[in-house]
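**Student:** got a predicted structure plus its sequence, pasted below:
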Amino acid sequence: MCDKCGKRPATTIIRKNINGKYSEYALCAECAAEEQIFSDFRELVPAFFSLPEWEGARETVCPFCGATAREVRRTGRAGCAQCYKTFDYLFDPYIERIHGDVNHAGTVPASADEEITRRKRIRELREELREAVEKEEYEKAATLRDELRALEKKENEAKEAE
Amino acid sequence: MSETYRDIAVESRVRLSRNLKNYPFPARLGAKRAEEIVEKLKVKAEKEGLAVRVYRDQDKEELRALAEEEIGSADFTASKLPRALFTGSDTVVMVNEADHVRIQAVTEGLSLEESYEKAKKLDAAILGDEEIAFDERLGYVTSSPTGLGTALRASVTLHLPALGESGRIDRVMLDADRLGVIIRGYLGEGSSAMGGLYTVTNRTTLGISEEEILKRIGEVAQKLIEKERELRAKGLSQNEIRLTDRVRRAAAILKNAYAIGYNETMLLLSDYRMGVSLGLVEGDYGKMNGLIRAVQPSVIWNGSAEKTELAREHHRAEVVTAALA
C-alpha cells in the first residue's frame, strides 16, 4: 500500500535523505507524481551512485523483459528492444555520446518493410476471412473484411504511386 | 577484381548483429526460449549447408580455442544458455551470444565488400522470414548501444611491423579516432600489437550507412598500407643486409624449429611475412594467414595430446613446419 494515501498499491520506491539519514517511501503512481512536482522531494538525494534528481530513486522496470534501471546502469546494456524506450533517459545521452545526435541511415530488415508487412497481413486476413465464413461467424467475418478492404486500398494506392 | 593488398592486408571481416522481435536479448532470455531460437534457426542453417554445433554448458576448452580463432568469442564461451554455432567455409553464425544472432564473414586481403555480400546473403537466408528487432530511429536494435543502427562491424587486419616499429602508429590511431575509426593492436594486450598485426574497425554504427562504413574503413586501411609499404621500401634501401639477414633467420627457424613458444612464433612470422612481401624470401600469404590462428595458445593446447608446456611447444613447431614445408 502507498505510504502516503494508504489507498492505492505502491509502485514506486522513493528514497529521501534528511540530514544524512535515508528514509524509504513506497508510493502509488499518483502520489509519486505529486511528490515529484512538489518541492521537498526535490531535495531527493541521488539514491544510487550520483544520479541527478529522479533517475536512481525510481525503480523503473522494463515492462517487457523485467530489466531494472539499476541493471541497465550496471551493465550498460539493454535487456530487450523495449528497454531503449523504457530507459531512454539513460540510453539517449549515451547513444548521442557514442554515435552523435543521429538517426539510422542504413538498410531496413525485410520484416520491417511496410509493404512486405502489409502484403503478409493481407494474405493472413484472406485466410482468416475464408475460415470465418466457413464457420459461419459472420460478425467476425465483417470485421475482417473491413480490415482487409482498408489494407487492399492502401496496397492499390501504393501500386498507383509507382 | 580490385587490388586486395595481400602483402599487408591479412583479412577483412564483417559482423552483423541481429535480434528477433518479441524475445528479450540473451542476457534476459532464459534457457527455454534460448533453446527455442536455436531450434528455429538450426533448420535454416542446415538448409544452407552450414555445419551446426549446439552448446549448452559444456566444451569450454573447445570454445576457448574457437574464440581465439575468432569463430567463437569470450562472451559465447562464458554463456550458460543453449547456444549454437553455424559454420561455413568463410562464414560463422553465432546464436545467443550477446545478441540473438551474430553473422560473420571473413575473406583474405582487403575485401570488405566481398565479406559484406557474404554476410548479407547469410542474413537473408537465416533470418529472411523472421521478424527482426528494428526501430526507425535506432535501426537494428542490439543489446549494447554501441552497435545500434547498422549493427555492422567492419574490420581489416593489417600487418604493419614497420609502422609499429617506427612509433608513428600512435599518431595515426588518434587521427583515425576522429573519423570514428579505431586502430588497435591485434591479439596483443592493450594497444601493443602481437607480430605487428593491427585491426582497423568502425567505432560508430548509427547515422551512417553500411556502404559508408565499408568505404571509410577501406580508405583508412589503404592509407595505412601505403605508409607501411613506403617505410618498408625505405628500410630496405637503407639496411638491406641487416633486413635480409633478419628475414632469412626468421624463415630458417620457422621451418626447422622442433619446439617453439607462442610469442617467438608470432615475432618470426611477422619478419617472415615482411620478407616475402619485399621479395627477400619465398612464401605463401594464405598459409601464413592460416598459421596466425593455428598457433594460438588454446588452439595448440587442444591439438596437443600431452598437456605439458614442452609438448605444446613441440606441437606448435610441428604445425608451423608442416605449413611452411
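**Tutor:** Ah, there it is. Residues are numbered from 1 along each chain as shown, chains lettered A, B, ... in the order given.
**Student:** list the buried ones in the helix or strand hosting A:Glu96?
**Tutor:** In the assignment (DSSP states H and E), A:Glu96 maps to helix A:88-99. For helix A:88-99, a neighbour-count test (16 or more other CB atoms under 10 Å in any protein chain shown) marks A:90-91, A:95, A:98-99 as buried. The way it works is simple: take the backbone N, C-alpha and C, and place the C-beta from them, glycine included.
**Student:** do the next helix or strand after it and chain B come into contact?
**Tutor:** Using DSSP H and E, the helix or strand that follows helix A:88-99 in sequence is helix A:114-134. No: for helix A:114-134, no contact with chain B is found by CB under 8 Å from any CB of the partner chain; the gap never falls below 8.9 Å.
**Student:** point out where the chain drops to low pLDDT.
**Tutor:** Chain wasn't specified; assuming chain A. A:1, A:8-58, A:115-116, A:161-162 (pLDDT under 70).
**Student:** actually chain B
**Tutor:** B:1-2, B:58, B:188-192.
**Student:** ok, now with 50
**Tutor:** B:1 (pLDDT under 50).
**Student:** remind me, longest strand of it?
**Tutor:** Secondary structure of chain B per DSSP state E: the longest strand is strand B:9-18.
**Student:** how far off centre is that one?
**Tutor:** 7 Å (CA atoms, centre = their mean, to the nearest Å).
**Student:** relative to chain B, which of the buried residues of helix A:88-99 is nearest.
**Tutor:** Closest approach to chain B among these (CB to the nearest CB): A:His99, at 3.9 Å.
**Student:** residues touching the closest one, list them.
**Tutor:** B:148-149, B:204-207 (CB atoms under 8 Å, 6 or more residues apart in numbering or on different chains).
**Student:** tell me the two of the buried residues of helix A:88-99 that are most distant?
**Tutor:** A:Leu90 and A:His99 (15.5 Å; CB to CB).
**Student:** thinking again about what came up before, from the buried residues of helix A:88-99, pick the one nearest A:Ala132.
**Tutor:** Relative to A:Ala132, the closest of the buried residues of helix A:88-99 is A:Phe91; by CB to CB it sits at 43.0 Å.
**Student:** so which residues on chain A come close to chain B?
**Tutor:** A:64-67, A:75-81, A:84, A:91, A:94-95, A:98-100, A:102-112.
**Student:** if we use 7 Å, what do you get?
**Tutor:** A:64-67, A:76-81, A:84, A:91, A:94-95, A:98-100, A:102-112 (CB under 7 Å from any CB of the partner chain).
**Student:** could I have the buried ones of these as PyMOL selection syntax?
**Tutor:** In PyMOL syntax, the buried subset of these is picked out as below (16+ other CB under 10 Å):
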select buried, chain A and resi 64+65+67+77+78+79+80+81+84+91+95+98+99+104+106+107+109+110+111+112
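**Student:** skipping adjacent residues, who's closest to the residue of chain A found nearest chain B in space?
**Tutor:** Closest contact between chain A and chain B, by CB to the nearest CB, is at A:Val102 (2.6 Å). Spatially, and ignoring its direct neighbours in sequence, A:Val102 is nearest to B:Gly207 (2.6 Å; CB to CB, 6 or more residues apart in numbering or on different chains).
**Student:** mind checking how far the one you found is from A:His104?
**Tutor:** In this view, B:Gly207 and A:His104 are 7 Å apart by CB to CB, to the nearest Å.
**Student:** overlap in contacts, the two.
**Tutor:** Applying CB atoms under 7 Å, 6 or more residues apart in numbering or on different chains, one finds that B:Gly207 and A:His104 are jointly contacted by B:Gly149.
**Student:** helices and strands around the lengthiest helix in chain A, which ones?
**Tutor:** Ranked by residue count and defined by DSSP state H, the top helix of chain A is helix A:138-161. Counting contacts by 3 or more CB pairs under 7 Å, 6 or more residues apart in numbering or on different chains; DSSP states H and E, helix A:138-161 packs against helix A:114-134.
**Student:** just the residues contacting the helix it packs on, thanks.
**Tutor:** A:110, A:140-141, A:144-145, A:147-148, A:151-152, A:154-155, A:158.
**Student:** in TSV: these, plus distance to B:Lys42.
**Tutor:** Below are the contacts of helix A:114-134 laid out as TSV (distance: CB to CB, whole Å):
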residue	distance to B:Lys42
A:Ala110	21
A:Lys140	37
A:Ala141	39
A:Leu144	35
A:Arg145	39
A:Glu147	35
A:Leu148	35
A:Leu151	34
A:Glu152	37
A:Lys154	37
A:Glu155	35
A:Ala158	36
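**Student:** so which of these is surrounded by the most neighbours?
**Tutor:** Ranked by neighbour count (other CB atoms under 10 Å in any protein chain shown), the contacts of helix A:114-134 have A:Leu144 at the top, with 21 neighbours.
**Student:** residues touching that one, list them.
**Tutor:** So A:Leu144 contacts A:125, A:128-129, A:132 (CB under 7 Å, 6+ apart).
**Student:** redo that, cut-off 10 Å
**Tutor:** A:124-133, A:137 (CB atoms under 10 Å, 6 or more residues apart in numbering or on different chains).
**Student:** ok so, going back, of the contacts of helix A:114-134, closest to B:Gln222?
**Tutor:** Nearest member of the contacts of helix A:114-134 to B:Gln222, counting by CB to CB, is A:Ala110, at 33.0 Å.
**Student:** my guess is the closest one meets B:Arg18, correct?
**Tutor:** No: the criterion here is CB atoms under 10 Å, and A:Ala110 misses it with B:Arg18 at 11.6 Å.
**Student:** could you list the domains of the chain?
**Tutor:** Looking at chain A here, since you left the chain open. A:1-39, A:41-102, A:110-161 (automatic domain parsing).
**Student:** please refer instead to chain B.
**Tutor:** Using automatic domain parsing, chain B is parsed into the domains B:3-230, B:239-324.
**Student:** neighbours around the residue in chain B that chain A sits nearest to, how many?
**Tutor:** In chain B, the residue that lies nearest chain A is B:Gly207 (2.6 Å; CB to the nearest CB). By other CB under 10 Å, the residues close to B:Gly207 number 20.
**Student:** cool, and B:Lys80?
**Tutor:** With other CB under 10 Å as criterion, B:Lys80 counts 10.
**Student:** now swap in the one 4 residues further on and tell me
**Tutor:** Look at B:Ala84: counted by other CB under 10 Å, it has 22 neighbours.
**Student:** and for B:Arg6?
**Tutor:** Number of residues near B:Arg6 (other CB under 10 Å) recorded here: 17.
**Student:** same question for B:Arg15.
**Tutor:** Counted with other CB under 10 Å, B:Arg15 comes out at 21.
**Student:** could you do B:Lys255 as well?
**Tutor:** 13.
**Student:** skip the chain neighbours and tell me the closest residue to it.
**Tutor:** Looking at B:Lys255 with CB to CB, 6+ apart, the closest residue is B:Leu324, at 5.2 Å.
**Student:** which residues touch the one you found?
**Tutor:** B:251, B:254-256, B:269, B:272, B:283-284, B:287-288, B:291.
**Student:** turn those into a markdown table, columns for secondary structure.
**Tutor:** Converted to a markdown table, those look like this (DSSP: H, G, I helix; E, B strand; the rest coil):
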| residue | secondary structure |
| --- | --- |
| B:Ala251 | helix |
| B:Leu254 | helix |
| B:Lys255 | helix |
| B:Asn256 | helix |
| B:Leu269 | helix |
| B:Tyr272 | helix |
| B:Gly283 | coil |
| B:Asp284 | coil |
| B:Lys287 | helix |
| B:Met288 | helix |
| B:Leu291 | helix |
